[in-house]
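Colleague: the following block contains a protein sequence and its predicted model.
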Amino acid sequence: MCLLGAMGSGIFIDRKYFYLGLRQNVEDQFNPSKRFLVIILTMLTLLTLYSTIIPISLYVSIETIKFIQSSQFINKDLNMYHAETNTPASARTSNLNEELGQVEYIFSDKTGTLTRNLMEFFKCSIGGEIYGIGMTEIEKGVTERKGIKVQEVQTSNDSVQEKGFNFYDGRLLRGAWRNEPNHDACKEFFRCLAICHTVLPEGEESPAKIKYQAASPDEAALVLAAKNFGFFFYRRTPSMIYVRESHAERMGKTQDVSYEILNVLEFNSTRKRQSVVCRCPDGRLVLYCKGADTVIYERLGSGNDDLNKATRDHLEQFGSAGLRTLCLAYRDLAPDLYESWNEKFIKAKSSLRDREKKLDEVAELIEKELILIGATAIEDKLQEGVPSCIQTLSRAGIKIWVLTGDKMETAINIAYACNLLNNEMKQFIISSETDAIREVEERGDQTEIACFIKEDVKKQLKQSLDEASQYFCAPSGPKLGLVIDGKCLTYALDSSLRIMLLTLGLNCASVVCCRVSPLQKAQVTSLVKKGAHKITLSIGDGANDVSMIQAAHIGIGISGLEGMQAVMASDFAIAQFRFLEDLLLVHGRWSYIRLCKVVMYFFYKNLAFTLTQFWFTFNTGFSGQRFYDDWFQSLYNVIFTALPVIIVGLFDKDISPPLSKKYPELYKEGIRNKFFKWRVVAIWAFFSIYQSLVFFYFISAFSSTSQDRSGKMFGLWDVSTMAFTCVVVTINLRLLMMCNSITRWHCISVGGSILVWFVFIFLYSGITTPLDRNENMYWVIYILMSTPSFYVTLLLVPVAALLVDFLYLCVQRWFFPYDYQIIQEMHKDDIHCTGPQGVLGSKQQLIPDEERSNEISQLPREVSKHSGFAFDSPGYESFFASQSGKYVTPNAWDVARRASIRHKATPK
């Protein structure tokens, strides 16, 4: 527009228009002899004049909307409040609200994210024998899917019951392990559990009252298991560990044994193991090691092939049951071997450069020739609502990738339990656990191993991709699933293979990556983020998930049992994985639609306003003469049209939260960015152009034949004031036409904005001082309002301007409806009902926390004297529930809280 106006000015300027006085003493901007300079200066003038088309208020309004959405709606949503831990959702940033409605890929950790991170010692393998009876939740689910009835395992009354220890087998408990043929292996197994850790004991030194502080729930569960097996770890000093052991020779006797801790080789995500070098009371030097089966088996000595094979089979059984496994091994050390190694260890530990790397290299020197003792199996149960949440997110078009450090068998069975994988899927498994790879690994040549595995991974990827390609374009083909382990993933992420991995992964509905390190989690996330150019979300609960959380567009931290590192690195924090359903399908989708409307409306209203000035330029010889008063232009975006658009950005709802979760397919509109395409921009631009033409030419034509009471024709400022009045009224009324729900706040903001304009113009045109520059505007509105033509114009112009918009909306809704409009018609009688008995219609499918939150959300809102947060005033819940005929479990502090109620709820 500026360029067109500037070119027009350069052409129009001519001395033949004698009445313009362009013959002598002319400013450079209007000098016909300097047309190029005229074009440049006019360009700058028009840039200033049309600057309202991109207002600063757009940024301010969007930031205000986002902040309120985060602080008031997300943070205080009772459906995302976890009552058990008293943890609400927390939006740690307000810049990503709309991206929550466009997520296509979710990268999730397993432990503590999909599961509860409440570890329980469930089974073990010692000396080639499995101990422990019972079935995990995953085993029960697999059995039930096969149509087999599950029978509860009967345990005796004297079985040990303790949080973190869900083990029963009469062959090991209460000292019975002494009667086992492999009792020496059992003793080493229990000692390894009691010694190889970094746990700190707290409280009294008695088995019933002691508490363990561990770096991870796994470690605490293992030490707890050692205690229940008769090896009670009760005290720790910097160099000693004290264990109360059941005496091996005489039943019922205990003996306090002290072990000198010489070295601790700590666990990290690269080593995937932990070792302790200790000196026993008899002077024996032993290295105890526990870690992932892949790293332990690589470091086993020769011999014991039968034991190693049997334990490997047991590990696969444990993994199939969804259990977390660790291998335990030991090595007796000769004093001279230990002394020479210890010197290298001390030197590496005191190094100032590459200390961690040198320590790992030194650890490799002694963590070899190990003797396998057995394996542990720990159960970590799924969180409530995870399977249904994943199923709902999948229906919403979101693809979920699970990145876990567990064994492949464990990861696959967890994926089945979570509805991430199912038997109807075409699954591709890329694994390094093949006979060919094992044969190469047994030869020990690292270069040969790397080359062979890379070629094998390339072959498996190509084969899977060729097989999957036939399903890519098939409309009714099965969904695809990919499972890949960490060792194969290392080579698949190579620059020569990553394109094949990305192509295969992007076409899969679900991907499971097992035995992956934190670095690999971040690499996979970055690969999809950069390769797919889609919105990605990472969710985790521990420090090992931080890199993955930071690599994605949106990071979600779960405030679980592994500290707050993930939460501190995240953009949003929730307490349970199932709350993703509300965060994405409700708040994310609403935020996306609202912000799209806000941006489009800002574009529309400023283009329509600026174009009236642009049409006026054609009547002024492209001179840059302003059509509106300066104050009109300054306050148009700041006051006269500011509040209504913010109200839309905060309160507009197309459908209720229960309907958003009942029809998750609506979320796909955000993934496809359906409300912010060029087609939508073009439609709004058409409305702006049409309405600006009506505003300028309709009013100009009508005013050219109108006169005031004194018989004078309307001047420039009379016409511009009338036009601006019609613009303010029309633009504000158009906002109501784009709303899906109109509340009292919409009416107040729109009516208030129009009223503020009239109050302003009455004061502005009715008061003048010698220092004012508004002599042109003096008494204008009073003159206009004294003529009938003003009221006729004010009635006809908005109707004519909005007629095309109205017809378009009618045709679009009837013949080309959006998905949400179809849902609105289906539920038009109950669209405002958000209770569990209305449109939700599936109360029986809610878990207890969700059912309770839905009941609470329907209660009258009373304000506490003590707090403004809904979740800080639980004392009202049971009281209001009883008044409303609903039942909510009463809390202990209800009686004290009732004293702060100001008003009683009206009984229904």
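Modeller: Thanks, I have the structure now.
Colleague: can we go C-alpha only for contacts and neighbour counts from here?
Modeller: Fine.
Colleague: my reading is that Thr113 lies in a strand. Confirm?
Modeller: No - the assignment for Thr113 (DSSP: H, G, I helix; E, B strand; the rest coil) gives coil, which keeps it out of a strand.
Colleague: my read: it touches Ile556, true?
Modeller: No - using Cα atoms under 8 Å, Thr113 is not in contact with Ile556; the gap is 10.3 Å.
Colleague: neighbour count: those two, which is higher?
Modeller: Ile556 (29 against 24; other Cα atoms under 10 Å).
Colleague: common neighbours of Thr113 and Ile556, please.
Modeller: Taking Cα atoms under 8 Å, 6 or more residues apart in numbering as the criterion, Thr113 and Ile556 both touch Ile539, Gly540.
Colleague: where along the stretch 451-600 of the chain do the strands fall?
Modeller: Under the criterion DSSP state E, counting those that start in this stretch, the stretch 451-600 of the chain contains strands at 480-485, 510-514, 535-540, 554-558, 572-574.
Colleague: let me fix that: the stretch 51-200 of the chain
Modeller: With DSSP E, counting those that start in this stretch as the criterion, the stretch 51-200 of the chain has strands spanning 90-91, 103-108, 120-126, 129-131, 200-202.
Colleague: among those strands, which is nearest Met240?
Modeller: strand 200-202 (12.1 Å; Cα to Cα).
Colleague: any weak-confidence spans in the stretch 51-200 of the chain?
Modeller: Applying pLDDT under 70 to the stretch 51-200 of the chain flags residues 141-160.
Colleague: got the residue ranges for the helices in it?
Modeller: Per DSSP state H, counting those that start in this stretch, the stretch 51-200 of the chain carries helices over the ranges 56-68, 137-145, 183-195.
Colleague: which pLDDT does the model give Ala685?
Modeller: If you check Ala685, the pLDDT there is 94.
Colleague: checking my notes, it in a helix, right?
Modeller: Yes - Ala685: assigned to a helix according to three-state DSSP.
Colleague: what's around it, how many residues?
Modeller: Burial measure for Ala685: 18 neighbouring residues, criterion other Cα under 10 Å.
Colleague: test my guess that it contacts Leu607.
Modeller: Yes - contact status for Ala685 versus Leu607: in contact at 7.4 Å, counting by Cα under 8 Å.
Colleague: verify the stated contact: Glu55 with Leu635.
Modeller: No, residue 55 isn't Glu; it's Pro. No - using Cα under 8 Å, Pro55 makes no contact with Leu635, being 11.1 Å away.
Colleague: comparing these two, which shows the higher neighbour count?
Modeller: Legend: neighbour count by other Cα under 10 Å for Pro55 and Leu635, higher for Pro55 (16 against 13).
Colleague: got the contact list for the more buried one?
Modeller: By Cα under 8 Å, 6+ apart, Pro55 lies in contact with Asn637.
Colleague: any low-confidence regions in the stretch 501-650 of the chain?
Modeller: Applying pLDDT under 70 to the stretch 501-650 of the chain flags the ranges 561-563.
Colleague: repeat that for 80
Modeller: 560-563, 619-624 (pLDDT under 80).
Colleague: which parts of it are helices?
Modeller: Using DSSP H, counting those that start in this stretch, helices in the stretch 501-650 of the chain cover 518-532, 546-551, 565-568, 580-582, 589-617, 630-635, 642-651.
Colleague: now the fourth one: how far from the chain's centre is it?
Modeller: Meaning helix 580-582. 9 Å (Cα atoms, centre = their mean, to the nearest Å).
Colleague: show me what it is packed against.
Modeller: Contacts defined by 3 or more Cα pairs under 8 Å, 6 or more residues apart in numbering; DSSP states H and E place helix 580-582 against helix 386-395, helix 657-662.
Colleague: ranking the ones you listed by burial, who's on top?
Modeller: Neighbour counts (mean count of other Cα atoms under 10 Å) averaged over each of the helices and strands packed on helix 580-582 peak at helix 657-662, with a mean of 21.
Colleague: CA atoms of it as PDB?
Modeller: In PDB, the C-alpha atoms belonging to helix 657-662 read as follows (Å, rounded to 0.1, in the frame of the first residue of the first chain):
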ATOM      1  CA  PRO A 657     -14.000 -30.300  28.300                       C
ATOM      2  CA  PRO A 658     -15.800 -33.700  28.500                       C
ATOM      3  CA  LEU A 659     -16.700 -33.400  24.800                       C
ATOM      4  CA  SER A 660     -13.100 -32.500  24.000                       C
ATOM      5  CA  LYS A 661     -12.000 -35.800  25.600                       C
ATOM      6  CA  LYS A 662     -14.900 -37.800  24.200                       C
END
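Colleague: my guess is Tyr667 meets Val586, correct?
Modeller: No - judged on Cα under 8 Å, Tyr667 makes no contact with Val586 at a distance of 9.0 Å.
Colleague: contacting residues for the residue positioned nearest the centre of the chain?
Modeller: Residue closest to the average C-alpha location in the chain (Cα atoms, centre = their mean): Ile556, at 4.4 Å. By Cα under 8 Å, 6+ apart, the contact list for Ile556 reads Leu537, Ser538, Ile539, Gly540, Ile549, Ala566, Val567, Ser570, Asp571, Phe572, Ala573, Ile574.
Colleague: which one is Ser320 nearest to, not counting chain neighbours?
Modeller: For Ser320, ignoring the flanking residues on the chain, the nearest one in space by Cα to Cα, 6 or more residues apart in numbering is Glu409 at 5.0 Å.
Colleague: the one you found: neighbouring residues, count only.
Modeller: For Glu409, the number of neighbouring residues by other Cα under 10 Å comes to 19.
Colleague: list the contacts of whichever strand or helix holds it.
Modeller: In this structure, Glu409 sits in helix 408-417 according to DSSP states H and E. Residues outside helix 408-417 that contact it (Cα under 8 Å, 6+ apart): 138, 141, 316, 318-324, 387, 404, 421-422, 483-485, 512, 514-515.
Colleague: show me which of those are buried.
Modeller: Buried members of the contacts of helix 408-417, counted by 16 or more other Cα atoms under 10 Å: 138, 141, 316, 318-324, 387, 404, 421-422, 483-485, 512, 514-515.
Colleague: thought Gln821 was touching Trp814?
Modeller: No - the criterion here is Cα under 8 Å, and Gln821 misses it with Trp814 at 9.5 Å.
Colleague: between those two, tell me which one has more neighbours.
Modeller: Neighbours were counted for Gln821 and for Trp814 using other Cα under 10 Å; Gln821 has more, 17 against 12.
Colleague: tell me the pLDDT at the more buried one?
Modeller: Predicted confidence (pLDDT) at Gln821: the value is 91.
Colleague: who are the contact partners of it?
Modeller: Asp654, Arg813.
Colleague: and if we set it to 10 Å?
Modeller: Going by Cα atoms under 10 Å, 6 or more residues apart in numbering, Gln821 touches Asp654, Ile655, Asn740, Arg813, Trp814, His827, Lys828.
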